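Peer 1: give me a model of this one.
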Amino acid sequence: MSRRNLPHEWDYRSANVENAAKAFMSRAQLSNHAIARARMSLIAGVDLALMKAANLVPPGKLTITKSGARVQDDRGRSVDKTCAAHALPCSIKLNGIMSYEVPALTNHLKLQEFLYEPYRYTNVVPAPVNDADFLAEGYQRADGLVANFVEFCSKAIYAATATGKINRSTLKSDFVALIQNSQDSLKTALSKAPPPPPPVFDLQKRYTAEDAYNENVRGALRAQLAALKDAGASLFSPILIEQVEDDFHKVHAEEFGQSK
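Peer 2: Have a look, this model is predicted:
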C-alpha cells in the first residue's frame, strides 16, 4: 500500500515549490530536507519496533548495524547539477541482514516494500547539499548522523508492546535525543567543511567558483541546523506514529491473514 506519511508536500515534486531548479538552494528546500530526515528516522524507528512486536526480526540477541543505501526513489540530473539525496543517513541491518530483507519477510513482498519505503525516500537537491550531507553523515565516525541513527534504531526497536502499540513516552525521549545529536553532528560537519576564503582587498583577486561551491556546502549545513533548532521536540508527531501503526497492521494483516 502507499504510505500516507511521506513528507513530499514541500518537496520539489510539488507543483507549488520549484526548489531543485538549476542548482538553486532555498531555505525552504533545506528545511524540508532536514525535517524529512527527522520524519523518516521516526518512521523507520516505529517500523522496527512494530516488526519486533510482530516477531518479524531475527530471534535471539539482536545486533543493529549500518549499511549503505540499496534502494532509491529518484535521481538527480547532471544538466541541473542536482543529486537525489536520501533523507535517512544510512540503511539498517539486523544481525547482518537488511531490515526489510529479514527471513520472516520472504514471500511477503507488500510488507517488504512497505518497510523499505523510508530508506528509498530522497529529495532532489543541488550538489552542494549532497556534499554537506556526506560531511554530516560521517559514515566512519562516531559523531555523525549515521551513528546517531543507528543508536536511535537500537533503542526504538524495543518501543512497542507485545500487542503492537508504541510506547510514546519512551520513543519520544529517544527521538528528542536523536534531534539534539543531529544538531551536534551538523555543527561538527561545519567545523570540518572547507573554511571561507580570507577577506580580499585586492580587486584583481576574485571569488572563485570553488569558493562559491564551498559556501553553499556551509550554507546547507547551517540551514539544516537552524531547521532542527527551530522545530526541536515538535518534530515528534503522535499523529505520524498512529498513521505508521495503522498502516503497518493493515499490510501485516493482508500478508499474514491476521490483525493485531
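Peer 1: what packs against the longest helix seen in the chain?
Peer 2: With DSSP state H setting the assignment, residue counts place helix 27-53 as the longest helix in the chain. Here helix 27-53 touches helix 109-120, strand 122-126, helix 127-137, helix 145-156, helix 168-192, helix 209-231, helix 238-256, going by 3 or more Cβ pairs under 8 Å, 6 or more residues apart in numbering; DSSP states H and E. All C-beta atoms are positioned from the backbone trio N, CA, C, and that covers glycine.
Peer 1: send me the last one as CSV with only the CA atoms.
Peer 2: Read it as helix 238-256. This file holds the C-alpha atoms of helix 238-256, laid out as CSV (Å, rounded to 0.1, in the frame of the first residue of the first chain):
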residue,chain,number,x,y,z
PRO,A,238,2.0,11.2,17.8
ILE,A,239,-0.3,11.5,14.7
LEU,A,240,2.6,10.3,12.5
ILE,A,241,3.2,7.3,14.8
GLU,A,242,-0.5,6.5,14.8
GLN,A,243,-0.5,6.5,11.0
VAL,A,244,2.5,4.2,10.8
GLU,A,245,1.0,1.8,13.3
ASP,A,246,-2.3,1.7,11.4
ASP,A,247,-0.7,1.2,8.0
PHE,A,248,1.7,-1.4,9.3
HIS,A,249,-1.0,-3.5,10.8
LYS,A,250,-3.2,-3.3,7.7
VAL,A,251,-0.4,-4.5,5.5
HIS,A,252,0.7,-7.2,8.0
ALA,A,253,-2.9,-8.4,8.2
GLU,A,254,-3.1,-8.6,4.3
GLU,A,255,0.2,-10.5,4.1
PHE,A,256,-0.2,-12.9,7.1
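Peer 1: rewinding a little: between the helices and strands packed on helix 27-53, which one is closest to Thr82.
Peer 2: strand 122-126 (5.2 Å; Cβ to Cβ).
Peer 1: helix or strand: which one has Thr65?
Peer 2: Assessed by DSSP states H and E, Thr65 sits inside strand 64-67.
Peer 1: identify all contacting residues around that strand.
Peer 2: 90-94, 96, 98, 139, 146-147, 149-150, 153-154, 157 (Cβ atoms under 8 Å, 6 or more residues apart in numbering).
Peer 1: and after that strand, which helix or strand comes next?
Peer 2: strand 82-86.
Peer 1: if I look at the closest residue to Lys52 other than its chain neighbours, how far off is Val46?
Peer 2: Spatial nearest neighbour of Lys52, chain neighbours left out: Ile157 (5.3 Å); criterion: Cβ to Cβ, 6 or more residues apart in numbering. Relative to Val46, Ile157 is positioned 10 Å away (Cβ to Cβ, to the nearest Å).
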